[in-house]
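test case, fold it:
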Amino acid sequence: MVSPWQPLKVLRRIPTVIPSSTSPYHIVTDAGNAFLKMPNNPQGPAAIVSEFIGTQLAAWFGLSTFEYCMMQVCEADLNVDRQDQTDLVMAFVTHEDDGDTWKGSAKELQLVENVADFSRLVVFDTWVGNWDRHSIRIRAGEVREHRNDGNVFLSNDAAPGKLKLKGYDHTHCHFAVIASNPDVNLEGKITDDAIYGRFPEFLPFLKRSDIQASLVRLAQMDTSTAQQIVQTVPSEWMDNAGIQGKLVEFIKSRSEFLCNQIEGKLCD
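Alright, predicted model coming up:
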């Protein structure tokens with residue numbers, strides 16, 4: 001499940017400060033502007049393992065995603081104008097999209113043309129355990145809402161006067177925890193009954209029929225497809241075959257859990 005977009009080299013770095021925990025680089029490539037995440041980012045390689053798997057699963061699931069690729073780069077090329085071919089590492093790169101991040105207003109959402117993707121994104125985030133877009137947690141008896149409006153993208157790749165909803169930045173899904181912790185409680189991740197990605201502003205756009213259609217697609221996930229996706233993760237990001245197996249098991253078993261257990265809660 002590879003995007004056809006494939007730049008060959010980094011031309012220069014754009015000095016943009018990006019407020020993200022993975023400290024991505026804003027770059028110019030021979031195929032246009034892009035954002036690049038390195039395996040040595042502050043969150044560690046598990047973050048881009050999660051990003052890479054999450055992006056592929058989002059595309060499989062039918063969500064609109066950014067064009068993406070893996071690309072060998074030298075970190076020196078991101079800081080100085082030279083093409084040093086030593087110490088090449090594999091990075092995750094996404095093509096810069098014409099649009100902007102959501103500012104949190106309901107008015108913006110009225111312009112979205114792919115309305116069914118509100119439901120699809122909530123089902124997807126719940127499937128992969130993406131707590132960083134939106135989540136509700138109860139700690140010490142107190143209900144706490146976490147929301148990251150900037151992880152919702154409104155693209156201009158739409159009809160005139162309309163916007164297209166795109167979900168991106170999958171670095172904080174359950175994949176990151178599994179990839180970084182060989183002793184993770186996998187069953188606890190599979191049976192997590194929290195709902196993720198369901199912003200209060202999304203509620204008027206959620207439809208039971210769209211949720212049910214998303215669950216029909218989710219039920220089509222099989223072990224072979226999960227393996228194909230996980231096996232594309234570069235070994236320098238994750239070289240533990242046991243973790244690969246856990247990721248495959250999570251993807252498949254989590255989809256079964258949601259389809260069998262959580263439709264009523266999603267539709268509530």
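
helices of the stretch 101-250 of the chain, start to end?
In chain order, the stretch 101-250 of the chain shows helices spanning 106-109, 116-128, 174-180, 186-190, 208-218, 223-230, 241-261, with DSSP state H, counting those that start in this stretch as the criterion.

what's the closest of those to Glu75?
Among those, helix 174-180 comes nearest to Glu75, with 21.6 Å by C-beta to C-beta. Where you see a C-beta, it was placed from the backbone N, CA and C, and this is true even at glycine.

using PDB, write out every CA atom in that closest one.
Included here for helix 174-180 are C-alpha records, laid out as PDB according to Å, rounded to 0.1, in the frame of the first residue of the first chain:
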ATOM      1  CA  HIS A 174      -1.400   1.900  20.400                       C
ATOM      2  CA  PHE A 175       1.200   0.800  17.800                       C
ATOM      3  CA  ALA A 176       3.700   3.100  19.400                       C
ATOM      4  CA  VAL A 177       3.200   1.500  22.800                       C
ATOM      5  CA  ILE A 178       3.400  -2.000  21.400                       C
ATOM      6  CA  ALA A 179       6.500  -1.200  19.300                       C
ATOM      7  CA  SER A 180       8.400   0.300  22.300                       C
END
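
and the contacts of it?
For helix 174-180, the surrounding residues in contact (C-beta atoms under 8 Å, 6 or more residues apart in numbering) are 43-47, 49-50, 53-54, 128-129, 184, 186, 189, 192, 238, 243, 246-247, 250, 254.

go on, stretch 52-66?
1, 3, 68, 70, 92, 94-95, 97, 114, 117, 120-121, 124, 127-128, 130, 153, 155, 157, 164-168, 170-171, 173, 175, 214, 217-218, 221, 225, 229-230, 232-233, 237, 247, 251.

whichever of those residues end up buried, select them in ChimeraX.
A single ChimeraX command is used to select the members of the contacts of stretch 52-66 judged buried by 16 or more other C-beta atoms under 10 Å:
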select :3,68,70,92,94,95,97,114,117,120,121,124,127,128,130,153,155,164,165,166,167,168,170,171,173,175,214,217,218,221,225,229,230,233,237,247,251
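
buried ones among the contacts of helix 174-180?
Listed as buried from the contacts of helix 174-180 are 43, 45-47, 49-50, 53-54, 128-129, 184, 186, 189, 192, 238, 243, 246-247, 250, 254; burial here means 16+ other C-beta under 10 Å.

so where's the stretch 151-268 of the chain uncertain?
Where the stretch 151-268 of the chain drops to pLDDT under 70, the residues are 268.
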